[in-house]
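Colleague: Sequence first, predicted model second:
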Amino acid sequence: MRQLPIVFKRQLASYASSPSTYLSVAAFLVLCAALGLHANHWMERNSSDLQAFFELHPWLYLLLIPILSTQLWADERDTSFADTMNTLPVTTVERVIGKFMAAWVVCGIALLLNFPLVIAVNYLGMADNIAITSQFLASWLLAGSYLSVGCFVCALAHQRLAILLLTLGLLLTVSGLSSILDALEHQAPLWVVDSLISLDPIFRFSTMDSGKLTLHDSLYFISMILAFLSATTITLNYKHS
Amino acid sequence: MIEISNLTKYLGRKQIISNFSFSAQAQECVGVFGKSGAGKTTLLSLIAGAIKPTSGQINIQGFNTQTHSLQARKAIGYQPQGGLSHPQMTVKNLLNFIAAIRGFRGAEKRSQVGMAAARLELLPVLNCPIDLLSLGVKRRVAIAQAILHSPSVLLLDEPTEGLCPAQRLKFRGLIQSLTEDMTVIIASRHYGELADICTRALVIANGNLMADASLSELQRSSRHFRAVTLAADSPLDLLAMAVIPGVAGIEEDRDTPGTVTVLAMPGHSIFPSINALIAHRGWNITALNLEPGRLDDVVHHLSQEASS
């Protein structure tokens, strides 16, 4: 894993030099603030945490994550550069994790840029900062799991538009899983519905975004990240052979 | 240095490389010659580790590219066909990135990047985005990244394509100096340009190794070996040349009127007789060459042999 920091730094520099990163982060922040304040009436809730904002994140990530995902392997779309990378003493695992970590850090920065909300809630004198920290962590874990899905899609598709649409479609399906489960409630056996509910990331996130960060739910997201990153590595190694 | 045994590569159902074996030692410059689609690029990609073989072994400095791929990759420098491109990076950023991956840090990294850039005359374009550079410069960037860690084995895929004649001349000098330190393998369709650089040639056709010999041996097997090419302002008496003992035939160059090549039978030297004929007839000859043999002729012949 000695080359991981080099890949990570290179990918971070790639995000920093791309206007689409700034645009997508800005759109995420503006929508987060606007929808939280106006649509979810945060001020009227008189809440001590930022649940009104965080409960929107699974939907707002549908905007941010696909755009970040399309940039993950963008530099290796050029076959000569990809061929050169394949001949360098760097493993596929290092490349996958390095790139994923850089994208996850960008998501973390986008989340941290919500700090005016934290200041506001503290200024109003009703802040539960432990719950807010848990909400931030939960949202970051959700972003990581969504990004790992995007990373896997990048390993399958080459076209930027295909990656964007596939990631968006997959995340939309995941986000809409609870609605599908509601529809299935009376048709499918209870154990099937229960099993699917336990796999639903939105359901997991909804238990965490209230400020209760449990090891059980955190491990769910971490295992999802690991599963998709492993799938990405296997797919890339298969393609390489 | 490099040992390849029974290398085979299938892409889908198509066999690209078939049971290929050869070895190369240090300070050897090996030319891999063949027509377009013969399997040259695939062979280089397999040696470089960019793709994995279907079967067979590749050992670089004793390291198997399958089982000890990282160690093998450290010993290799690879210039991909068509040069190197990147949507965002400048030449300097790319060389710095590759140098960091190659394990160089701080002042050592700066010095290695500086040396490679100076050797390939990239210093004026060091801060230019690679995507904006011409194909020839992109190819030089690709060569620079391949040599910046002074590899034991340097793999070059069509390195002279897109270079102007002056750059080709400089490139020849560069390869000759690199061959003093490493094994150089050059895949090319431009055999003539590399004839005086390579110490050995592999001729590949349809993924099969058709010949593994020194350049002089290959040239000897050409039908143009010891042929005499002459050019004159006035029409030449072809019949007079055809009756010279040892003449196998006469070829007229359709592209340059007035130029003919007189082919020699194997084991015959016709140059003195043609010289004597020119002196006797008083022809005004503008060019007279004794041919060492044409590589493109040999490669063409071997490629036809492979496909028949």
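Modeller: In hand now; what should we look at?
Colleague: In terms of pLDDT, where does the nearest residue to residue A:8 once chain neighbours are set aside sit?
Modeller: Closest residue in space to residue A:8, ignoring its immediate chain neighbours: residue A:98 at 4.3 Å, by CB to CB, 6 or more residues apart in numbering or on different chains. Where you see a C-beta, it was placed from the backbone N, CA and C, and this is true even at glycine. According to the prediction, residue A:98 has pLDDT 94.
Colleague: Can I take it that residue A:98 is in a helix?
Modeller: Yes - remark: residue A:98 belongs to a helix, assigned using DSSP: H, G, I helix; E, B strand; the rest coil.
Colleague: Check which helices and strands the lengthiest helix in chain A sits against.
Modeller: Under DSSP state H, the helix in chain A containing the largest number of residues is helix A:129-156. Counting contacts by 3 or more CB pairs under 8 Å, 6 or more residues apart in numbering or on different chains; DSSP states H and E, helix A:129-156 is packed against helix A:51-54, helix A:57-70, helix A:92-112, helix A:115-123, helix A:160-175, helix A:201-208, helix A:215-240.
Colleague: Quick check: buried residues in the second one?
Modeller: Read that as helix A:57-70. Neighbour-count burial for helix A:57-70 flags A:57-58, A:60-62, A:64-70 (criterion: 16 or more other CB atoms under 10 Å in any protein chain shown).
Colleague: so who does the residue nearest the centre of chain A touch?
Modeller: The structure's chain A has its C-alpha centroid closest to residue A:143; by CA atoms, centre = their mean the separation is 1.9 Å. The contact partners of residue A:143, by CB atoms under 8 Å, 6 or more residues apart in numbering or on different chains, come to A:57, A:61, A:64-65, A:104, A:107-108, A:111.
Colleague: Closest to residue A:214 out of these?
Modeller: Residue A:214 has its nearest neighbour among the contacts of residue A:143 in residue A:57, at 18.0 Å by CB to CB.
Colleague: after the lowest-mean-pLDDT helix or strand in chain B comes which helix or strand?
Modeller: Taking mean pLDDT, DSSP states H and E as the measure, chain B has helix B:191-194 as its least confident helix or strand, at a mean of 76. Going down the chain from helix B:191-194, the next helix or strand is strand B:200-205, by DSSP states H and E.
Colleague: Each with direction, which strands does that following strand pair with?
Modeller: Sheet partners assigned to strand B:200-205 using DSSP bridges are listed as strand B:29-33 (parallel), strand B:208-213 (antiparallel).
Colleague: any idea which of those is most buried?
Modeller: strand B:29-33 (a mean of 26; mean count of other CB atoms under 10 Å in any protein chain shown).
Colleague: Just the mean pLDDT for that one, thanks.
Modeller: Strand B:29-33 comes out with an average pLDDT of 90.
Colleague: Surely residue A:31 is in contact with residue A:62?
Modeller: No - between residue A:31 and residue A:62 there is no contact, the gap being 10.6 Å when judged by CB atoms under 8 Å.
Colleague: tell me the secondary structure for residue B:163?
Modeller: Assigned with three-state DSSP, residue B:163 falls in the coil class.
Colleague: That one and residue A:156: what is the separation?
Modeller: 38 Å (CB to CB, to the nearest Å).
Colleague: ok, these two, which is more surrounded?
Modeller: Shown here are residue B:163 and residue A:156; by other CB atoms under 10 Å in any protein chain shown, residue B:163 has more neighbours (18 against 14).
Colleague: Tell me how many other residues crowd residue B:56.
Modeller: Neighbours of residue B:56 under the rule other CB under 10 Å: 17.
Colleague: What distance do you get for residue B:306 to residue A:135?
Modeller: To residue A:135, residue B:306 is 68 Å away according to CB to CB.
Colleague: typo on my end, residue B:91
Modeller: Counting by CB to CB - residue B:91 and residue A:135 are separated by 45 Å.
Colleague: cool, residue A:148 as well?
Modeller: 21 Å.
Colleague: Could you export stretch A:144-157 as CSV, CA atoms only?
Modeller: The C-alpha coordinates for stretch A:144-157 follow below in CSV (Å, rounded to 0.1, in the frame of the first residue of the first chain):
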residue,chain,number,x,y,z
GLY,A,144,-19.0,6.5,1.0
SER,A,145,-21.3,3.6,0.2
TYR,A,146,-22.9,5.5,-2.7
LEU,A,147,-19.4,6.4,-4.0
SER,A,148,-18.3,2.7,-3.8
VAL,A,149,-21.3,1.9,-6.1
GLY,A,150,-20.2,4.7,-8.5
CYS,A,151,-16.6,3.3,-8.4
PHE,A,152,-18.0,-0.2,-9.4
VAL,A,153,-20.0,1.3,-12.2
CYS,A,154,-16.8,3.0,-13.5
ALA,A,155,-15.2,-0.4,-13.7
LEU,A,156,-18.0,-1.6,-15.8
ALA,A,157,-18.6,1.3,-18.2
